[in-house]
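**Q** okay, sequence plus prediction incoming.
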Amino acid sequence: MANREKGEVSFSCEGKTYTMKLGTGAMCAIEDATGKSIGEVGKALGNPETATLTMVRIVFWASLQGHHPGTSLADCDELIDEIGVSRAGELIGQAFQAAAARKSPDARPRTATAAP
């Protein structure tokens with residue numbers, strides 16, 4: 001079960017529950033794969049004129065890696081085909097919202113300390 005406070009979103013497909021999360025690792029993988037910042041990707045996905053299926057696939061794949069490591073792009077193709085592109089887009093939107101909600105306006109970065 002997904003924990004929204006941790007930025008997680010879950011869905012079921014063919015009797016299995018999957019958990020998506022756009023954490024740091026997922027965001028870096030998306031930026032690496034697309035050559036765009038995570039903000040650019042989010043903006044592009046929010047506009048039907050600029051959203052691409054390739055981008056949906058990459059974000060879907062990256063968001064699953066934290067809880068389902070080793071999930072391949074081909075696995076994601078099958079999942080998206082099963083749940084539908086519209087549902088995949090909705091889940092990605094929820095994952096972006098959950099990731100943004102994790103950030104508290106009062107949060108301060110921890111100060112790094114040198115190892116002894």
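**A** In hand now; what should we look at? Numbers count the residues shown, from 1 in each chain.
**Q** buried set for the helix or strand of the chain with the lowest mean pLDDT?
**A** Least confident helix or strand, the chain: helix 85-102 with a mean of 91, by mean pLDDT, DSSP states H and E. Neighbour counts over helix 85-102 (16 or more other C-beta atoms under 10 Å) mark 88-89, 91-92, 94-96, 98-99 as buried. Glycine gets a C-beta too; all of them are placed from N, C-alpha and C.
**Q** dump the residues you listed to a markdown table, plus distance to His68.
**A** Shown next, in a markdown table, are the buried residues of helix 85-102 (distance: C-beta to C-beta, whole Å):
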| residue | distance to His68 |
| --- | --- |
| Ala88 | 15 |
| Gly89 | 19 |
| Leu91 | 13 |
| Ile92 | 15 |
| Gln94 | 17 |
| Ala95 | 13 |
| Phe96 | 19 |
| Ala98 | 17 |
| Ala99 | 17 |
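**Q** and the two most separated of those?
**A** Ala88 and Ala99 (16.4 Å; C-beta to C-beta).
**Q** hmm, back to that, which residues sit against the least confident helix or strand of the chain?
**A** 4-9, 11, 20-23, 27, 42, 45-46, 51, 53, 56, 59-60, 63, 79-80, 83 (C-beta atoms under 8 Å, 6 or more residues apart in numbering).
**Q** quick check on these: which are buried?
**A** For the contacts of helix 85-102, buried by 16+ other C-beta under 10 Å: 7-9, 11, 20-23, 27, 42, 45, 51, 56, 59-60, 63, 79-80, 83.
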